[in-house]
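Chemist: here is the input, now give the coordinates:
(one chain, ligands or ions: 1)
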Amino acid sequence: MSSEANAKPDFDVVVVGAGMAGLYMLHRLRGEGLSAVALESADDVGGTWYWNRYPGARCDIQSLDYQYTFDPELEKDWEWSEKYATQPEILRYLQHVAERYDLRRDIRFETRVEGATWDDDANVWRIKTSGKDGSGEVTGRHYVMATGCLSKPKEPEIRGADDFRGEVYVTGRWPHEGVDFTGKKVAVIGTGSSAIQSIPLIAEQAQEMTVFQRTANYSMPAGNGPVPEGKKARIAADRDAYREEARWSQAGVPVNAPEEGVMQLEEEERQRRFERAWSKGELMAAGEEFNDLLTSAESNEAWCEYIRSRIREVVDDPETAELLSPRGYHFSTKRPCLDTNYFQTFNRDHVRLVDLHAQPIAKITENGIDFGDESAEFDAIVYATGFDAMTGAIVAVDIEGRDGMTLKEKWNAGPRTYLGLTAVGFPNFFMVTGPGSPSVLSNMVISIEQHIDWITDCVAHLRDQGFERIEPTQTAEDSWGVHVNDCADITLFPKTASWYMGANVPGKPRVFLPYVGGVGTYREACDKVVEDGYLGFELSGPGKEQCNDGIVNRLQPDVTMMLQMMAEAEAPPIESLPPEVAREAMAALAEMNPPGPEVGEIQDGTFPGADGDLEYRLYRPKSEGPHAIVLYFHGGGWVLGSHDSDDPLCRDLCDRTDSLVVSANYRHAPEHRFPAAPDDAWAALQWVAANAESLGGDAGQLSVAGWSAGGNLAAGVCQRARDEGGPEIQGQLLITPVTDCDMTRASYTENAEGYVLTAGLMRWFWDHYADEDQRSDPKASPLRAESLAGLPPAAIFTCEFDPLRDEGDAYAAALANAGVPVQHVPCRGHIHTSLGAVDAILSGASLREEMAKALRGFQKALATA
Ligand code: NA7
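Modeler: The predicted structure is shown next:
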């Protein structure tokens, strides 16, 4: 399309939608002196709350939280009548907002957007509309889709749906005049949130009601009633603090952060908390009691079973109760619900539940529904079958970007965005609560306000700085996608075929759509992007260009969380402590770690070190022996640590490899400086090899492993065994090992501070451990060995944010050069301490499995040799 360069568009911003997002967008833009129009297909404001007028439609975030927070005066002005407001009340609220801020004058109602095309010469969006005023075109410098996450109802996808001659209703497009079901035979298809809210009320009127259920849902009693006084008082006491807490919370509502997981609690306490969560009537109540519902399948299942027990209590017929009991997916991985008398409704004689797994719908006929071997007649069918969530409404409009590609084409294999706000190829285009942002996993109002504020500030900044366009870089978009997946992958969410995964719409790519890292973390990322001069964006305008390319979140999400917790604890740096105090601190830290998996047996004992007895701990698998043996050396810079500090990792390796793990201690510096540790490690190797059988192991299947300084010792014993003709070692697993005393490598500078193991701490370790002139001895710096040829196969794990990264990489490269089979695993987004943090750093779990695989591989090599 050609056009006059830099033509002045009709508006600074064209917004699609006049729901909760569109209204606030208009208000903010006006405040910044930016011209804007909102295009809305409905004849009034309200969005979701305009369309979803089915009986029983309510919010299920408390009204005191589910409201705008941008203006304290607006809050003072409005009183909610219930804990969970009904759709009519929320719609009235939004109409009140539209009036209060005189927003309607900037909204074109009954105007549908047919398509939008970016004019790359003029830097404007050309938006084609149709509607009550005929078809037309509006141009805008910026184009904002404020179309909502759940606004495009999903097609029924049931054969014969068009044949039915009776009344047809879709919950998401309910008639404004309401529906009277009195005396009617009604079918409801679907048992999601909309169905669960509407079924009890439709049943009040209907003569007969049949509910067709494909998947039972986890639903808790809403306990609706007057606005809770406690919450009201809390907000009244310090409104600003409360709202600010919401903005930085996990889900946009201030909640208590629990410290315990479900299974950590005694049965009685667990039950007490289950009951408290159940009776609270809040979606997030269980999350306030337990910290691992979204990460531990076992914990989640315990809560699910509790919910099932409550369903059984309510539903009279045991078979119906069982059918209504959700199974086969984790709580919260599909949107859970709050209800009022939902399960009780199935005790009514005129209400029937059909299990679609046992009796699938064959087709819809003129008069009713054929399912299983039955044919039933209905006067009305209600589709409560959900939405083409998060992306549906956005790609429903043909949005054509810079290179003629549509957003739909770009998202063919799943949505790709930067921050869930913008997309490469689509300059000056913004999505409110788009895929890749917290959106549906949060209190939408808080997320909407955050996005609108960000977009408005951005557009104002561009104007003030003389920029005409903004577009994210490919690096930024790609790495945001990686980060969104990293966050999802440590939760149970991706295990369930839900609409969060796009799984409810046939043919839709299976991609986890929202950002699960939390509202606060997300806000921090968005703020950082701005603070860093629009990191990851290209900005340009007449005579000027700017691009601060980069990545906003490079650490694994749980590593970030761990670092934040450590920063909050404000513990003194280890290198500032005397060794004995540092050891106590490390032991205390180890006590706080999750214990790691159960193994068959654990035995403590002593073995003869190079200069006196030393302790070891043996981990025996549950299976029958004899087992392959892994001799393990703990980390701690030759100064700290013990078989206790690395206990969870040893359990994990034992469990995953089905090998006997012997964690052998060694003397520590500064009391016993170099070469005490390598001498003890050597003694341990000989002792284990000589006593393999009596330990229950197979001497022919002996590998060594170690983390950090322990990796250094493991590498060292491999060299010595080679040089001294045995014992034979099948393989070496080196986890972020120390391999060299050279502290000038780039990783020492890049990761000098902020990632637990600091450059200063490494210096402290070396100073305690070895004299300068001893450090280049291969026993201290295995990388400096004259030759690395003939060493056992190695698996080397190095972490991106570790001062030791480069020397681990160098050792892997040097071994490979020397002809040693090497598996080198660079661990993206990890720090020195993350791999051993079993059950604490869940993003390390797949890497721990890789380690185990490597160890098993060493054994297999022998078996097939
Ligand atoms: P949901 O939560 O997507 O629920 C839709 C329901 O309809 C769900 O039980 C589906 O079963 C069922 N469904 C969908 N398609 C079919 C077909 N073809 N046959 C039978 N059953 C079907 O949408 P809602 O409107 O209830 O709630 C949406 C959100 O709005 C809610 O989470 C809140 O955030 C507000 P399935 O589970 O896919 O097996």
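
Chemist: can you pull the pLDDT of A590?
Modeler: Reported pLDDT at A590 in the predicted model: 85.

Chemist: wait, G819 sits on A789?
Modeler: Yes: here G819 reaches A789: they are 5.7 Å apart, a contact under CB atoms under 8 Å. Heads up, the C-betas are built off the backbone N, CA and C, glycines and all.

Chemist: strands of the stretch 201-350 of the chain, start to end?
Modeler: Remark: strands assigned in the stretch 201-350 of the chain by DSSP state E, counting those that start in this stretch are 208-213, 219-221, 337-339.

Chemist: mind checking the pLDDT average for stretch 168-176?
Modeler: 97.

Chemist: from T147, how far off is N504?
Modeler: To T147, N504 is 18 Å away according to CB to CB, to the nearest Å.

Chemist: comparing the two, which residue is more hemmed in?
Modeler: Legend: neighbour count by other CB atoms under 10 Å for N504 and T147, higher for T147 (26 against 21).

Chemist: contacting residues around that one?
Modeler: T147 makes contacts with V16, G17, G19, A393, I394, V432, as judged by CB atoms under 8 Å, 6 or more residues apart in numbering.

Chemist: 7 Å - rerun?
Modeler: The contact partners of T147, by CB atoms under 7 Å, 6 or more residues apart in numbering, come to V16, G17, A393, I394.

Chemist: out of those residues, which is nearest to A684?
Modeler: I394 (60.7 Å; CB to CB).

Chemist: so the closest one makes contact with M431?
Modeler: Yes: assessed by CB atoms under 7 Å, I394 is found in contact with M431 at 6.2 Å.

Chemist: intersection of neighbour lists for those two?
Modeler: Common neighbours of I394 and M431 (CB under 7 Å, 6+ apart) are M145.

Chemist: who's more crowded, those two?
Modeler: Shown here are I394 and M431; by other CB under 10 Å, M431 has more neighbours (32 against 25).

Chemist: phi, psi for that one please.
Modeler: phi -120, psi 140 (degrees, to the nearest 10).

Chemist: and it, bridged to which residues?
Modeler: M145 (DSSP bridges).

Chemist: from the chain's centre, how far out is stretch 47-60? Work that out for me.
Modeler: With CA atoms, centre = their mean, to the nearest Å as the basis, stretch 47-60 stands 28 Å off its chain's centre.

Chemist: let me redo that: stretch 596-613
Modeler: 38 Å.

Chemist: export that stretch to PDB, keeping only CA atoms.
Modeler: Extracted as PDB, the C-alpha positions of stretch 596-613 are listed here (Å, rounded to 0.1, in the frame of the first residue of the first chain):
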ATOM      1  CA  GLY A 596      14.700 -35.400  48.300                       C
ATOM      2  CA  PRO A 597      13.100 -38.700  47.400                       C
ATOM      3  CA  GLU A 598      12.900 -41.800  49.500                       C
ATOM      4  CA  VAL A 599      15.500 -44.400  48.700                       C
ATOM      5  CA  GLY A 600      15.700 -48.100  49.700                       C
ATOM      6  CA  GLU A 601      18.200 -47.600  52.500                       C
ATOM      7  CA  ILE A 602      20.600 -45.100  53.900                       C
ATOM      8  CA  GLN A 603      23.700 -46.100  55.900                       C
ATOM      9  CA  ASP A 604      26.300 -43.900  57.500                       C
ATOM     10  CA  GLY A 605      29.700 -45.300  58.100                       C
ATOM     11  CA  THR A 606      33.400 -44.500  58.100                       C
ATOM     12  CA  PHE A 607      36.200 -45.400  55.600                       C
ATOM     13  CA  PRO A 608      39.900 -45.000  55.900                       C
ATOM     14  CA  GLY A 609      40.900 -41.600  54.500                       C
ATOM     15  CA  ALA A 610      44.500 -40.700  53.600                       C
ATOM     16  CA  ASP A 611      45.100 -39.600  57.200                       C
ATOM     17  CA  GLY A 612      42.500 -41.200  59.400                       C
ATOM     18  CA  ASP A 613      38.900 -42.200  59.200                       C
END
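
Chemist: taking the stretch 351-500 of the chain, what residue is nearest to the ligand?
Modeler: The nearest approach of the stretch 351-500 of the chain to the ligand comes at G386, 2.5 Å away (CB to the nearest ligand atom).

Chemist: excluding covalently adjacent residues, which one is nearest to H176?
Modeler: Of all residues not flanking H176 in the chain, R53 sits nearest, at 6.4 Å (CB to CB, 6 or more residues apart in numbering).

Chemist: which residues in the stretch 651-800 of the chain form strands?
Modeler: 660-664, 697-707, 731-735, 794-801.

Chemist: so which of the ones you listed gets nearest W174?
Modeler: Once those are compared by CB to CB, strand 794-801 is nearest, at 51.4 Å.

Chemist: please export the C-alpha coordinates of the closest one as PDB.
Modeler: Written as PDB, here are the backbone C-alpha positions of strand 794-801 (Å, rounded to 0.1, in the frame of the first residue of the first chain):
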ATOM      1  CA  ALA A 794      32.500 -37.600  30.900                       C
ATOM      2  CA  ALA A 795      29.200 -35.800  31.400                       C
ATOM      3  CA  ILE A 796      29.800 -32.100  32.300                       C
ATOM      4  CA  PHE A 797      27.000 -29.800  33.400                       C
ATOM      5  CA  THR A 798      27.800 -26.100  33.400                       C
ATOM      6  CA  CYS A 799      25.400 -23.300  34.300                       C
ATOM      7  CA  GLU A 800      24.900 -20.100  32.400                       C
ATOM      8  CA  PHE A 801      25.100 -17.800  35.400                       C
END
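
Chemist: give the contact list for the residue of the stretch 351-500 of the chain closest to the ligand.
Modeler: K154, G190, G192, W499, N504.

Chemist: neighbour-wise, which one of those leads?
Modeler: Going by other CB under 10 Å, G190 tops these with 25 neighbours.

Chemist: was I right about that residue contacting A384?
Modeler: Yes: judged on CB under 7 Å, G190 makes contact with A384 at a distance of 3.7 Å.

Chemist: those residues of the stretch 301-450 of the chain touching the ligand, which are they?
Modeler: By the rule CB under 6 Å from any ligand atom, the part of the stretch 301-450 of the chain lying against the ligand is R335, L356, A384, T385, G386, F387.

Chemist: next, format those as TSV and append secondary structure and pLDDT.
Modeler: Compiled in TSV, those are given as follows (DSSP: H, G, I helix; E, B strand; the rest coil; pLDDT from 0 to 100):
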residue	secondary structure	pLDDT
R335	coil	96
L356	coil	98
A384	coil	98
T385	coil	97
G386	coil	96
F387	strand	95
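
Chemist: with adjacent residues omitted, what lies nearest to the closest residue to the ligand within the stretch 751-865 of the chain?
Modeler: Among the residues of the stretch 751-865 of the chain, L842 lies closest to the ligand, at 25.8 Å counting by CB to the nearest ligand atom. Closest residue in space to L842, ignoring its immediate chain neighbours: I490 at 4.2 Å, by CB to CB, 6+ apart.
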